[in-house]
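Participant: Curious how this folds, go ahead:
(one chain, ligands or ions: 2)
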Amino acid sequence: MKFICIDCGKESSSSEFEYHCTCGGLLDIVHDFQRYDADLLKHLFKERLSERMTPYASGVWRYKELIFPELPDNCIVTKYEGNTGLYTSELLQNYTGLKQVFVKAQSENPSGSFKDNGMTVAVSHGKSLGYKKFTCTSTGNTSSSLAMYASIANADSYVFVPDKDISLNKVLQTVSYGAKVFSFVGTYDDGIQFLEKHSNDLGLYVCNSINPFRIEGQKSIIYEIAQYLNWELPEWIIVPGGALSNATALGKGLHDLFTLGLINKMPRVAIVQAEGASPFHKMVSQEKRELTPEPFPYTRASALNIGNPPSWKKALHTLIQTRGITISVTDEEILDAKAVIDRSGIGCEPASAATIAGIRNLVSKQVIDKEESVLCILTGNILKDTDILKYYHLGEHTCASFKNTIQHSRLTLNSIRENMIEKK
Ligand SMILES: Cc1ncc(COP(=O)(O)O)c(C=O)c1O
Ligand SMILES: N[C@@H](CCOP(=O)(O)O)C(=O)O
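Facilitator: Residues are numbered from 1 along each chain as shown. Ligands and ions are numbered 1, 2, ... in the order given. Okay, the predicted model is just below:
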């Protein structure tokens, strides 16, 4: 394994923990895949599907050879993450106008979000270097995931969360797993700058997605999808975009699968941002090659409340190699799409629903053809943000096509039953 700076191209193979080059650019991990044969890999990954209670039972570590081959197995900190469901839904087909739409529910991960795929690798790497203190700044999912893995590793976690516009459930989940949580004035973007400056002095191992080991782990999401679909991917893969780690890992994973000969066609990727926090979409749609940060991002999909996504250059690479596109959607579109996903029985938090909202929009503009096959990655669990559920189902939200209301009454159970019989 070696590290390559995405800005100046400098290579290193340092065993110390680095995520920045001396020039300031982010690092990318590059493996030597020359020694692998596609059929042997397919066989190995299939065999491991029957593993139980070994690290290879994890939907991430099943692909260890493509993620972190050098790591000794006794350093792996796992909760058998991944292995999440892949679904289809008639309701979502009708809502998007597509003939075939798949949903990969990373919301079923142990801490309830796709972050677990990357966090198991970052914390395992930190452990292998002897770190006992881990950190991140977070809108709540990264921190929940970190706190969970740090506790499993018998280590401490120190987490910095913005003091507003984030979901209380996620912060409570983080605290419950045992993290020390610091609430600060500012956004995720301010938190990242703080950690870039001070984590070394504080002896903290940074678990945000500027850490390239997070990206390596998150590649497993597309490996797992490809394996499940017998190494033939749909024509489009759709992800929500915040810090852009998911889009980065998706592009990298697709590149791995293609260069190894595990797939023979690259799908196209669409990255969907929330309108109030869409600096990447603005840059791409204006055909610029430099991102202008948004100092005051705001969206009700709080996981996407990011104005200066650290991985934007890596995500741009994903777009280039997949003939990818970007789009932004309003909070109303996100919440309505979320209601349909919830009603379909799958469920997700708002940020994830940006995907279905984006697909509906792209199909109506005929960018995606109704006949094309599309898969979206649902990133977080329905219970991650119950404030939004209250707002949507009990509040004054008006544009809901799938609004469910709770029937409030002062009736006894028996009279409710009689009413139901009358209406039958
Ligand atoms: C549930 C959820 N969805 C989507 C995102 C956005 O992913 P990314 O930051 O990798 O773009 C995040 C956080 O980043 C998240 O927590
Ligand atoms: N929504 C994220 C923010 C991005 O975090 P990172 O892990 O990609 O740095 C969160 O859950 O904190």
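
Participant: where does this protein come near ligand 2, residue by residue?
Facilitator: Within the chain, the positions near ligand 2 by Cβ under 6 Å from any ligand atom are 138-142, 188, 208-209, 242-243, 245, 303. (Glycine included, C-beta is placed from N, CA and C.)

Participant: could I get the residues you listed as CSV with pLDDT, secondary structure and neighbour count?
Facilitator: Below are these laid out as CSV (pLDDT from 0 to 100; DSSP: H, G, I helix; E, B strand; the rest coil; neighbours: other Cβ atoms under 10 Å):
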residue, pLDDT, secondary structure, neighbour count
138, 98, coil, 30
139, 97, coil, 25
140, 98, coil, 28
141, 98, helix, 30
142, 98, helix, 29
188, 96, helix, 31
208, 98, coil, 27
209, 98, coil, 30
242, 98, coil, 31
243, 98, coil, 26
245, 98, helix, 26
303, 98, helix, 31
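
Participant: Near ligand 1, list only the ones from these.
Facilitator: 141, 242-243, 245, 303.

Participant: So which of those is the closest to residue 340?
Facilitator: residue 303 (18.8 Å; Cβ to Cβ).

Participant: which ones are touching the closest one?
Facilitator: By Cβ atoms under 8 Å, 6 or more residues apart in numbering, the contact set of residue 303 is 139-141, 167, 240, 242, 349-351, 379-380, 384.

Participant: quick one: buried residues of whichever helix or strand residue 94 is part of?
Facilitator: According to DSSP states H and E, residue 94 maps onto helix 90-96. Along helix 90-96, these residues count as buried under the neighbour rule (16 or more other Cβ atoms under 10 Å): 92-93, 95-96.

Participant: now stretch 338-346
Facilitator: With burial defined by 16+ other Cβ under 10 Å, the residues of stretch 338-346 counted as buried are 338-344, 346.

Participant: for stretch 74-85, same thing?
Facilitator: Within stretch 74-85, the residues that count as buried by 16+ other Cβ under 10 Å are 75-82, 84.

Participant: and the end-to-end length of it?
Facilitator: Taking Cα to Cα, to the nearest Å, stretch 74-85 runs 28 Å from one end to the other.

Participant: how about it, does it reach ligand 1?
Facilitator: No: between stretch 74-85 and ligand 1, judged by Cβ under 6 Å from any ligand atom, nothing touches; the nearest distance is 13.3 Å.

Participant: pLDDT on that stretch, on average?
Facilitator: For stretch 74-85, the mean pLDDT works out to 98.

Participant: ok, now stretch 275-286?
Facilitator: For stretch 275-286, mean pLDDT is 98.

Participant: Thanks a lot, catch you later.
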